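**Student:** Give me the fold of what follows.
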Amino acid sequence: MRVITANVNGIRSAASKGFFTWLQQQNADVICLQEIKAAESQLTDKLYHSIGYHAFFSSAEKKGYSGVAIYCKQKPDAIVHHLGWEIADTEGRYIEVSFGDLHVASLYLPSGTSGDARQAVKFDFLNKYLPILKQQLKNKQQYIICGDWNIAHKNIDLKNWKNNQKNSGFLPEERAWLDVLFDQEGYIDAYRYINPNKIEYTWWSHRARARENNVGWRIDYQVVTPLLADKIQRAEIYNQEIFSDHAPLIIDYAL
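**Tutor:** Residues are numbered from 1 along each chain as shown. The predicted structure is shown next:
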């Protein structure tokens, strides 16, 4: 089972850069997109429906903002569009599909880089989301949660970690939240599980030729429930083409 996650920074922009042509070559079973910046009603062009997948969208109420999507080969048994609180649901930050006991979600966690108010929103999101993640473990259902989590976990996950310890995305409180998720609750960072020491990034700032110089952050994850750990076979961050300021993360599972 191949799962791809990508923050496209505008699905129409990514499409114009060849993203859907590339997708057709990947033979993925599930594709999770974030920051699509479009309502489903705006995606009537056959390009967005031409790769032979079932397509599902959760768009933000605000036009041209946020939004997530899932493309899947197999028709899911169920679809969830909401997490249950305003920011998550009105900003289009979550969608989930189910295939029996296996659930695949596309998550776009808020950024706090624009200021204290949005950082407070981000912390509130984390506080509300953790109990849901805990409940998923209690229910003994298997989850692959894909997306832009907007947090780099360890020093290895960003180039300039020393200079970013007071910046959103690498704050001690954010990293501690991931410590709880991975070390206490037992969720698995699928990429890091099979690449414990590899230095690669999934996002680069538009400033100071960051991508050209590979001054990046690894903030895009596939987070899986513990019983899926031994199913992780291969992980790749795709950098041969540029579709947005993020790179797609491809993971193959023995499922």
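
**Student:** burial measure for residue 215, as a count.
**Tutor:** As a burial measure, residue 215 scores 16 neighbours (other Cβ atoms under 10 Å). C-beta here means a position set from N, CA and C on the backbone, and glycine is covered the same way.

**Student:** Angles on the backbone of it, please.
**Tutor:** phi -90, psi 90 (degrees, to the nearest 10).

**Student:** what sits against it?
**Tutor:** Contacts for residue 215 were tallied using Cβ atoms under 8 Å, 6 or more residues apart in numbering; they are 159, 160, 204, 205, 208.

**Student:** switch the cut-off to 6 Å
**Tutor:** The contact partners of residue 215, by Cβ atoms under 6 Å, 6 or more residues apart in numbering, come to residue 159.

**Student:** Let me see the ranges of the strands in this protein.
**Tutor:** 2-7, 30-34, 54-58, 68-72, 78-80, 94-99, 102-108, 142-148, 188-189, 203-204, 216-217, 220-224, 232-237, 249-253 (DSSP state E).

**Student:** quick one: which of those strands is nearest residue 120?
**Tutor:** Closest approach to residue 120 among the strands of the chain (Cβ to Cβ): strand 102-108, 17.7 Å.

**Student:** so for that closest one, what's the average pLDDT?
**Tutor:** Across strand 102-108, the average pLDDT comes to 98.

**Student:** sorry, back to before: just the strands of the chain: most buried one?
**Tutor:** Highest mean neighbour count of the strands of the chain: strand 30-34, a mean of 29 (counted as mean count of other Cβ atoms under 10 Å).

**Student:** centre of the chain versus that one, how much separation?
**Tutor:** Chain-centre distance of strand 30-34: 8 Å, with Cα atoms, centre = their mean, to the nearest Å.

**Student:** List the contacts of it.
**Tutor:** Strand 30-34 has contacts (Cβ under 6 Å, 6+ apart) with 3-8, 68-72, 104, 106, 108, 146-148.
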